[in-house]
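Undergrad: from the sequence below, what's the structure:
(4 chains)
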Number of protein chains: 2
Amino acid sequence: MGRVTLKEVAEHAGVHPATASRALNAATRGLVNPQTAERVDQAAQHLGYIPNSIARSLKTARSASIGLLLPDLTNPLFPPIVRGIEDVLRTVGYNAWIVNTDNEPEREADAIASFRGRNVEGFVAATARLRDPLLEELAESGTPLVLVNRRVDSPNVPSVTVDDKAGVMMAVRHLFELGHRELVHLAGPQDLSTGVARLQAFRQALEDLGLPAEPERIVEAASWSATGGADAMETVVESGPSYTAVVAGNDLIALGCYDILARHGLRCPDDVSVVGFNDMSFIDRVAPPLTSVRVPHYEIGTEAARLLLEALEHPDRHPRSLVLPPTLSVRRSTAPPPG
Amino acid sequence: MGRVTLKEVAEHAGVHPATASRALNAATRGLVNPQTAERVDQAAQHLGYIPNSIARSLKTARSASIGLLLPDLTNPLFPPIVRGIEDVLRTVGYNAWIVNTDNEPEREADAIASFRGRNVEGFVAATARLRDPLLEELAESGTPLVLVNRRVDSPNVPSVTVDDKAGVMMAVRHLFELGHRELVHLAGPQDLSTGVARLQAFRQALEDLGLPAEPERIVEAASWSATGGADAMETVVESGPSYTAVVAGNDLIALGCYDILARHGLRCPDDVSVVGFNDMSFIDRVAPPLTSVRVPHYEIGTEAARLLLEALEHPDRHPRSLVLPPTLSVRRSTAPPPG
DNA sequence: TTGAAAGCGCTAACAT
DNA sequence: ATGTTAGCGCTTTCAA
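TA: Next comes the predicted model:
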């Protein structure tokens, strides 16, 4: 594949390979006679030279690449994040390796080992559980690592996340202003920082607004999915407190909630209002269009990449975390309560 | 990062690096005394040895990696394909580099160069236009290349696609059996093989069934998007022939069609039936749930990866193309015509 | 400003 | 069955 070597370029330009190398590298180009440099350029162009990154990596112990750990790329949350990361990395000539772990620690461990073997310079991980020995270990080993979307419990791992608390507050306040007083939260699994943060924020919001806050108003879904949401909502409908609005842990849980409402002949928003979280693509196309807390996923990606590059440049500097503000996309799934 | 070297492992096991190398590689392990091999394993394990793939690549001129060219990962078509590819590659220790080209040839060229520099062994491309000099050149240069989803005009580039013709036939036959006789096609852009194949299949299907087939029954959308579909549908509504059903080039075009129908007070499916193509995720959640030709995207990915690996193993063998069968997901957007 | 020489970590002849 | 040697293509001291 990459047939032409630096040596050939050098020969063609009538210089030593070292000179050709210097001419072709921006950082060292100043060291070489402009005319010589020009001749090297010509030769490289003429021969269709493509530098062998592998050889360069071996020599420099750098790879211009990072590892990206995802639970599952087919979850619509992640593609915008990946694009954000990629768009920033590309500007500095970096590439990303992507791997899907399906939340299996073994797969994650394999991926990390594989990436280390490929000399990645750092990681972005969207797979963090609240307790995550693998990632904590990675961070402690001094490997640059930035978490996206989720955090780990220990404070020393930098992350880029949305302000979950503010998002839930927005959702609750929106419902409150529509006139709702009896709210319910279908919480996400509590092994993820997002699940915990949103649940705590919900409790806090009820308290702030002086709304009823019995424990039964919160049901934890078994998974961040429509079926998880459906099961949780079933519990609410069957045995929960009275309510006129639901704050779902994410959009998929909200969709499951829709299913159960429909099954019980309850209309959204006429009988029950529903708010989701993430504002994932096409959620404005479901019936009814879902009011949802918008998370700036693309920006999470770009900021994470920037943070990682910063960490690569200044390994000494203390890692920063970033919390981005959400917004609320109001749609037809929320309306004043009945009566 | 990958600190421990093979040399250290060898020293620790009291053998020569070459012996350690042989012991650690499945293919050559047979050449070494089982007890020695065991000792090497122990040493490697003990020291936390991770083989340096970069060094191996430089030596072997292989990289256990491929390049994956996508138009845009946030298009919900692609994540399942990517997963399919990744799931197969992982079983043989390969990884994929992903890049989004946004359909810009320059970005594609950059990516190809970058990947070649990283010694990728082959490419999977989802970016093929009907005429695509870059990819044709790549294929002619002998680089293993498999196209997914779309093909190029020249016949020598292997691809994995869905049977577009069969898919359109299914859609038309479904509508025909519901009683529809006046159909319209919102075609996708004709610079992509899928756009052309589906349009031709539509013509063919009308002819086969003896249905009216005036040229006005086909409108080409400017893009594979809701807005593209909306503009095309607007043309139909404003100045088209009489019709009771629409076959859209893909699901997004169908969504744009929904918008225009609604704007003109036409109900789907009561007044107009609509069929999409791709059966993308969550399309069963829109209102009304869209009847759509299901494309096995994940399988397209797995088969493409298999084809590519096959090409890597047998560079001489003639490359095969694969055409996978679609199915029809019938939902509430199609019903008997009014009256 | 350029050349010479060494070496990144590994594998694959070749030799023993 | 194992050791020796050379070299993949590049960058980077060091010397001139």
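Undergrad: could you pull up the residues touching A:A187?
TA: A:G195, A:R198, A:L199, A:F202, A:I218, A:V219, A:E220, A:A221, A:A232, A:G249 (C-beta atoms under 8 Å, 6 or more residues apart in numbering or on different chains). (C-beta placed from N, C-alpha, C; glycine too.)
Undergrad: columns secondary structure, pLDDT and neighbour count on top of the residues you listed, output as TSV?
TA: Converted to TSV, the contacts of A:A187 look like this (DSSP: H, G, I helix; E, B strand; the rest coil; pLDDT from 0 to 100; neighbours: other C-beta atoms under 10 Å in any protein chain shown):
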residue	secondary structure	pLDDT	neighbour count
A:G195	helix	98	21
A:R198	helix	98	24
A:L199	helix	98	20
A:F202	helix	98	25
A:I218	strand	98	20
A:V219	strand	98	21
A:E220	strand	98	16
A:A221	coil	98	28
A:A232	helix	98	29
A:G249	coil	98	31
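Undergrad: for B:L261, state which of the residues you listed is nearest.
TA: Taking C-beta to C-beta as the measure, A:G249 is the one of the contacts of A:A187 closest to B:L261, at 34.1 Å.
Undergrad: in space, what's closest to the closest one - neighbours in sequence excluded?
TA: Nearest residue to A:G249, sequence neighbours excluded (C-beta to C-beta, 6 or more residues apart in numbering or on different chains): A:G188, at 3.3 Å.
Undergrad: can you check A:N250 too?
TA: That would be A:F277: by C-beta to C-beta, 6+ apart, it lies 4.7 Å from A:N250.
Undergrad: and the one you found, how many residues sit next to it?
TA: For A:F277, the tally of surrounding residues (other C-beta atoms under 10 Å in any protein chain shown) stands at 28.
Undergrad: and whichever residue of the stretch 151-300 of chain A sits closest to DNA strand C, what does it touch?
TA: The nearest approach of the stretch 151-300 of chain A to DNA strand C comes at A:V157, 26.9 Å away (C-beta to the nearest atom of the strand). A:V157 sits next to A:A128, A:L135, A:E136, A:A139, A:L145, A:L147, A:R151, A:P319 when contact means C-beta under 8 Å, 6+ apart.
Undergrad: what's the local residue count around the residue nearest to A:G249?
TA: By other C-beta under 10 Å, the residues close to A:G188 number 28.
Undergrad: for stretch A:260-280, buried residues please.
TA: A:260-261, A:268-269, A:272-280 (16 or more other C-beta atoms under 10 Å in any protein chain shown).
Undergrad: wait, A:V172 touches A:R217, no?
TA: No. Contact criterion C-beta atoms under 8 Å: A:V172 and A:R217 do not qualify, at 11.5 Å.
Undergrad: the more surrounded of these two?
TA: More crowded of A:V172 and A:R217, by other C-beta under 10 Å: A:V172, with 24 against 20.
Undergrad: not counting sequence-adjacent ones, nearest residue to the more buried one?
TA: That would be A:A205: by C-beta to C-beta, 6+ apart, it lies 3.9 Å from A:V172.
Undergrad: the one you found and A:A245, how far apart?
TA: 12 Å (C-beta to C-beta, to the nearest Å).
Undergrad: ditto for A:H185
TA: 10 Å.
Undergrad: these two: which is more packed in?
TA: Set A:H185 next to A:A245 and count neighbours by other C-beta under 10 Å: A:H185 wins out with 30 against 27.
Undergrad: ok, that one - contacts?
TA: Taking C-beta under 8 Å, 6+ apart as the criterion, A:H185 is in contact with A:R198, A:L199, A:F202, A:R217, A:I218, A:V219, A:V246, A:V247, A:A248, A:G249.
Undergrad: cool, A:A43 as well?
TA: A:V9, A:A10, A:H12, A:A13, A:A20, A:Y49.
Undergrad: let's go with 7 Å and repeat that
TA: Counting by C-beta atoms under 7 Å, 6 or more residues apart in numbering or on different chains, A:A43 makes contact with A:V9, A:H12, A:A13.
Undergrad: so which residues on chain A come close to DNA strand D?
TA: A:5-7, A:17-18, A:21-22, A:24-25, A:28, A:49, A:51-52, A:55-56, A:58-60 (C-beta under 7 Å from any atom of the strand).
Undergrad: do that again at 10 Å, thanks
TA: A:1-10, A:16-25, A:27-28, A:31, A:44, A:49-62 (C-beta under 10 Å from any atom of the strand).
Undergrad: filter those down to the buried ones.
TA: A:1-2, A:4-6, A:8-10, A:19-24, A:44, A:49-58.
Undergrad: how about the helices in the stretch 1-150 of chain A?
TA: For the stretch 1-150 of chain A, applying DSSP state H, counting those that start in this stretch gives helices covering A:6-13, A:17-24, A:34-47, A:53-60, A:78-91, A:105-117, A:133-140.
Undergrad: any bit of stretch A:76-84 sitting next to chain B?
TA: Yes. Shown here: stretch A:76-84 in contact with chain B (C-beta under 7 Å from any C-beta of the partner chain) through A:P76, A:P79, A:P80, A:V82, A:R83.
Undergrad: wait, does stretch A:286-295 contact chain B?
TA: Yes. Legend: contact between stretch A:286-295 and chain B by C-beta under 7 Å from any C-beta is shown at A:V286, A:A287.
Undergrad: from one end of that stretch to the other, what's the distance?
TA: 18 Å (C-alpha to C-alpha, to the nearest Å).
Undergrad: quick one: average confidence on it?
TA: For stretch A:286-295, mean pLDDT rounds to 97.
Undergrad: how far does that stretch sit from its chain's centre?
TA: Centroid separation for stretch A:286-295 versus its chain: 19 Å, with C-alpha atoms, centre = their mean, to the nearest Å.
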